[in-house]
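Participant: Have a look at this fold, sequence not included:
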């Protein structure tokens, strides 16, 4: 995890200038120490106002995959739903630009499955 955060910090200026990244952090297996050696890295990102578009999102994800040399699942804050929504606020580790608004998001104590049949 520390190597991943260090890489993000080293490339902070580039991520901000090229893609308009405001905050960035990692969560999931990499934070919990459960990631496989070459597993996919889960990254949470927010873009500056006016910079949140598909081109920046896609280019940023490709940039991060090249930077880390492996797959990246790039999540935009506010779009995480269902199974992941309760994990992110409690375990995201920001490389920079801690987003204090995430601290106010309640973390549910229980998670119920949908009653829909599959």
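Facilitator: Great, that's in hand. Everything quoted here is computed from the prediction, not taken from an experiment.
Participant: Not counting residues beside it along the chain, what's closest to residue 74?
Facilitator: Once flanking residues are discounted, residue 74 sits nearest to residue 61: 4.3 Å by Cβ to Cβ, 6 or more residues apart in numbering. C-beta: built from backbone N, CA, C; applies to glycine.
Participant: gap between residue 55 and residue 47?
Facilitator: Distance, residue 55 to residue 47, using Cβ to Cβ, to the nearest Å: 11 Å.
Participant: Neighbour count: those two, which is higher?
Facilitator: residue 47 (20 against 9; other Cβ atoms under 10 Å).
Participant: Quick check: closest non-adjacent residue to the more buried one.
Facilitator: Nearest to residue 47 is residue 20, by Cβ to Cβ, 6+ apart, at 4.9 Å.
Participant: What mean pLDDT does stretch 49-60 get?
Facilitator: The average pLDDT within stretch 49-60 is 92.
Participant: Would you mark the buried spots in it?
Facilitator: 51, 52, 56, 57, 60 (16 or more other Cβ atoms under 10 Å).
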